[in-house]
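# Quick one: sequence plus predicted model below, questions after.
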Amino acid sequence: MAERSGYEQIYRVVCQIPRGQVATYGQVAALAGIPRHARQVGYALYQVAPSSDIPWQRVVNAQGKISYSPFREGNDDFQQQLLIDEGVVFDPDGKIDLQEYQWQPTDFDLKQ
DNA sequence: AAGTTGACTATTT
DNA sequence: AAAATAGCCAACT
């Protein structure tokens, strides 16, 4: 179990994703100050997924799709509906239009 | 200490 | 468009 790390900043970024918007793993990594660590972002969320205040499902891959976790497969579909509930539109393939819904953080957001 | 793994991404088939 | 390949780097064994 690997807790205590720079992951804290990753969680902070994810929590700042506005309702109805999404961010990619690479984007979160970059905002957290650790570009190229997209995989580590996924790994960080892997620890926190089940019961957390963190809207982990607002983080999707560069294709605009949900990355299915190895242990929570069925849960992923359920969470996809939560995103729809937030106003995010999925294509027939289950993709999100990143051009419309990808989070565009402002300086104000990052200062929080 | 060294090798394997992975909620990624970009490139190539 | 979907699948395979390569590059990536921290955590895990």
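Sure, I can see it. Numbering: from 1, shown residues only, chains lettered A, B, ... in the order given.
# Residue A:12: how many residues sit nearby?
Residue A:12 has 15 neighbours, counted by other Cβ atoms under 10 Å. To be clear about C-beta, it is placed using only N, CA and C from the backbone, and glycine gets the same treatment.
# got the contact list for the helix or strand bottoming out on mean pLDDT in chain A?
Least confident element among the helices and strands of chain A, by mean pLDDT, DSSP states H and E: helix A:73-86 (a mean of 87). By Cβ atoms under 8 Å, 6 or more residues apart in numbering, the residues outside helix A:73-86 that reach it are A:19, A:20, A:22, A:56, A:57, A:58, A:66, A:68, A:69, A:90, A:94, A:96.
# Least confident of the residues you listed?
On pLDDT alone, residue A:69 ranks lowest of the contacts of helix A:73-86, at 80.
# ok, back up a step: just give me the closest of the contacts of helix A:73-86 to residue A:8.
Proximity of the contacts of helix A:73-86 to residue A:8 (Cβ to Cβ) peaks at residue A:56, which lies at 14.7 Å.
# In contact with the closest one, which residues?
Neighbours of residue A:56 in contact, by Cβ under 8 Å, 6+ apart: A:14, A:45, A:48, A:49, A:79.
# and if you look at residue A:21?
Applying Cβ under 8 Å, 6+ apart, one finds that residue A:21 lies in contact with A:58, A:88, A:101, A:102, A:103.
# Columns neighbour count, secondary structure and distance to DNA strand C on top of those, output as TSV?
Putting these into TSV (neighbours: other Cβ atoms under 10 Å; DSSP: H, G, I helix; E, B strand; the rest coil; distance: Cβ to the nearest atom of the strand, whole Å) gives the following:
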residue	neighbour count	secondary structure	distance to DNA strand C
A:58	24	helix	22
A:88	21	coil	19
A:101	20	helix	17
A:102	17	strand	17
A:103	21	coil	21
